[in-house]
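A.B. asks: What follows is a predicted structure for the sequence shown.
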Amino acid sequence: MHTPRGVLKNVFGYDSFRRGQEEIINEMLSGRDVLGVMPTGAGKSVCYQIPAILSGGVSIVISPLISLMKDQVDALRSSGVNAAAINSAMDWNDVRSVLRSARAGKTPLLYIAPERLDGEGFREFLSSLDVSLVVIDEAHCVSHWGHDFRPSYLAIAPAIDSLPKRPAVAAFTATATEEVKTDIIKQLAMNSPFVLTTGFDRENLFFQVEHPGEKMSFLLAYAKNFPDMPGIVYCSTRKNTESVCQKLVASGVKAVRYHAGLNDVDRLTNQEDFIYDRATVMVATNAFGMGIDKSNVRYVIHYNMPGSIDSYYQEAGRAGRDGSPADCILLYGGEDKATITYLISQGEDKNTKETAFRKLRQMIGYCHTSGCLRRHILNYFGEGSSRGECGNCGNCRSVAERHDITIEAQKIMSCVYRAEEKTGGKKYGSQIIADILRGHCSNASRREQVMRFGLDTISTWGIMKDTAARDITYIIDFLVAEGYLMFNEFGALSFTERSLPFLKSRTRLLMRRHESVQKSKSERVPDKTAEKRGFFSGGLIEIFRKARAIGKRAVFSEELFETLRKMRRELAASEGVPPYVVFSDKTLQAMCEALPSDEDEMLSISGVGRVKFEKYGHKFMDAIREWREKQNPADEA
C-alpha cells in the first residue's frame, strides 16, 4: 500500500500503470518539477494523486472549474481518500471545516480554483500548511498561446514563491504544442522540469468531417440513431446552442444546454442532469467541458468548426474517456470560417491576430484534407510525420467517389495569379475569386471592387460560369488544405511553393465529393447501414455487436450490462455522486465478461479497488449471480 503500485491497486483498482504514469510519479516523489502532456483519458489525475497520497503533508491541486473539483473529490472519497475542495459555491462554515482539516494534516489533497490565490488571507493560510506539492491541472490555461488562457493562472507562480519552503510543482494538460509547453514552464517558473509527452493519439476515437447542406437534419438523425448514448454537441454561439437544444428536445431527444448566458442555477442543474445520466445530450458552447470527468461520453459532435486544432482536439477528446469506441464528428459549413475570420479581425494585437489566423488555416486544412484525419491532428502536435493511414477515421474508411479536379484547380489558381497581376500585387479572398470565375457578383461591395480594379477584363472572367460559388470555394479550401494555395491573415489567397510546379506538370488532382456538391437538395443522414462504411461507430453499440457476433458463447450481455448500470445509478443517487464515480462503464463491461463470483475474481477486475469492493462488490456479485441463475436455472439447481 505504501508504494505507487500498492496505491494504484488498492485505492484505484488497477494492476498496471499506463504509459508514462510511473515515470512521472517517480520524478514527482523525488521532488522534481514535472510537466506532463497526456491525452484525455490517459490517467493524468492518477499521476499526481498517488504522489499526494504517499508524500505526506498537503498537496494543493489548482483546477479551473468547480465541477471538475467536485468530480475528482467525489471519486477520491469513494476510493477512501480524504480529499476536499474549496470553491465559491460553499458557505463559510463548510470552508472553515475544510481549512481546519487541512491544517490538521488530515487532507492529503486540497483542490482550489486559481482565483483563490488572489486573496492575501488565503495565501497566508497556505503558508501555515506543510505544502509538499502544487499541481496545476489544465495547465494550458497559463499560456497566452493556449486555447483557454485564464489570467488568474498568472497568480500561481508568485503564490508558490511566497511559501516558506518551495514545494515540487507539477503541471498537466491534454494538448500542448512546443510553443505552449515552453510558455507553461516560463509562466509557472518551473525549475528544470521533467517533461514527458506520452503521445496525443486516442486510438479508440473515430474522427469524421461532414459537409452537410443541413446540419440540423444530420444531427437529429444521428442523435435518434443512438438515443441511449451520452453525447456532447458543441456550438460556437449561445444563439446556436439555444436553437439546437430546442430542436433536439422538440424531436424527443433528452437534451440540455450550457452556456455563459444562463444563470448559475440553470447551468449547474443542466450539467448535473448530464453528468448523472438524467439527460443524454449536452448542447454547449466551449464554456462547458474542460476537465469534465464523465467517462462514458460516446460521441462529440461539433455543430460549428472551432478556431484551432488545439480547441478541437481538447473538446473532441471528451468522448471515450473510458477507452471504449467513440465518435468525433465535425459538421463543417462555409459560414464557420467567415464567423471566426470576422471575430479574429476585431482583435487589436497584431501578433495575437497572426497566431489566430495561422491556427484557423490549420483548422480549415483539417476540414478539407483528403488524407488521414488522425495523422493530420498528430502532425499538428509534431507526432504524425512517420505514420501511415490510421484506418479509423472517415477519410481512411471512406468509399466516397473521388473525382478529377485538375482542370478546375488550374482555372482557380490561374485566376488567383491573373487577379494579383492585374492589380499590381493586390491579393483577393475566395469569394471574389469565385465571383470572377463565375462572371457574376451577387454582392454589391464585391461587384464595385471587381469593376473598380477591372477584374472583369482578365482572361479567367466567367470561365467557371456553370459551377456553383460554394463548390468553387470548397475546391479553394481543398487546395489550401493540400498546400497548393494559402490564405494570409486577412483571408486573401496567394501561391505556395507547390503552385507553379503543379501548373507546369501533368499531375492529376483527385478530391472526394462532399455532400453539398453531390446532393444539393436531398440530404444524406446517418443510418444503421452507414456503420459498415466505417462511419458512426456508435460507441457501445459496436461492442455489443462484436459480442453477439462471437456466436458460440456471448461474452457480453446487454441485459446484464443494463442491470448493472441501473444498480450503479441507484447507488450513485443514494450517495449524491455521478454514476461513473461508483464504477466506469468499462469496469461494468469487464464484469459482464468475467462474471466474477468471489472476492479474488472481483478484485481482478480493472477499476475495482479494495475500498470499492468493500462498499459495492457484494451487491454487484449478487446481481451477476441472479442473472446467471436466470440464464441457467437447471445448472444452478
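C.D. replies: It's in. Please read all numbers here as calculations on a predicted model, not as lab measurements.
A.B. asks: Pop the domain breakdown of this protein in here.
C.D. replies: According to automatic domain parsing, the chain comprises the domains 4-197, 205-397, 402-512, 550-636.
A.B. asks: and these as JSON lines, adding mean neighbour count and mean pLDDT?
C.D. replies: Where you see a C-beta, it was placed from the backbone N, CA and C, and this is true even at glycine. JSON lines is the format used below for the domains of the chain (neighbours: other Cβ atoms under 10 Å; pLDDT from 0 to 100):
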{"stretch": "domain 4-197", "mean neighbour count": "19", "mean pLDDT": "90"}
{"stretch": "domain 205-397", "mean neighbour count": "20", "mean pLDDT": "88"}
{"stretch": "domain 402-512", "mean neighbour count": "17", "mean pLDDT": "88"}
{"stretch": "domain 550-636", "mean neighbour count": "17", "mean pLDDT": "85"}
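A.B. asks: All the helices of the stretch 451-600 of the chain, residue numbers only.
C.D. replies: Applying DSSP state H, counting those that start in this stretch to the stretch 451-600 of the chain gives helices spanning 469-481, 499-504, 515-518, 540-549, 558-575, 579-582, 585-594, 599-603.
A.B. asks: could I get the ones you listed as JSON lines with distance to Tyr428?
C.D. replies: Listed next are the helices of the stretch 451-600 of the chain as JSON lines, based on distance: least, Cβ to Cβ, whole Å:
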{"stretch": "helix 469-481", "distance to Tyr428": "11"}
{"stretch": "helix 499-504", "distance to Tyr428": "15"}
{"stretch": "helix 515-518", "distance to Tyr428": "23"}
{"stretch": "helix 540-549", "distance to Tyr428": "46"}
{"stretch": "helix 558-575", "distance to Tyr428": "57"}
{"stretch": "helix 579-582", "distance to Tyr428": "52"}
{"stretch": "helix 585-594", "distance to Tyr428": "52"}
{"stretch": "helix 599-603", "distance to Tyr428": "67"}
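A.B. asks: I'd like to know how far the closest residue to Val249 other than its chain neighbours sits from Val233.
C.D. replies: In space, and not counting its chain neighbours, Val249 is closest to Ala255: 5.3 Å by Cβ to Cβ, 6 or more residues apart in numbering. Distance of Ala255 to Val233, given as Cβ to Cβ, to the nearest Å: 8 Å.
A.B. asks: where do the contact lists of those two overlap?
C.D. replies: Taking Cβ atoms under 8 Å, 6 or more residues apart in numbering as the contact rule, Ala255 and Val233 both touch Leu248, Val281, Met282, Val283.
A.B. asks: and Arg32, what does it touch?
C.D. replies: Arg32 sits in contact with Ala168, Ser192, Pro193, Phe194, where contact means Cβ under 8 Å, 6+ apart.
A.B. asks: Apologies, that question was intended for Asn392.
C.D. replies: The contact partners of Asn392, by Cβ under 8 Å, 6+ apart, come to Glu203, Leu205, Phe206, Phe207, Arg374, Gly534.
A.B. asks: Show me the two of those residues that sit farthest apart.
C.D. replies: Distance extremes for the contacts of Asn392: the farthest pair is Glu203 and Gly534 at 14.7 Å, using Cβ to Cβ.
A.B. asks: So between these two, which is more surrounded?
C.D. replies: Between Glu203 and Gly534, Gly534 has the larger neighbour count (other Cβ atoms under 10 Å), namely 18 against 11.
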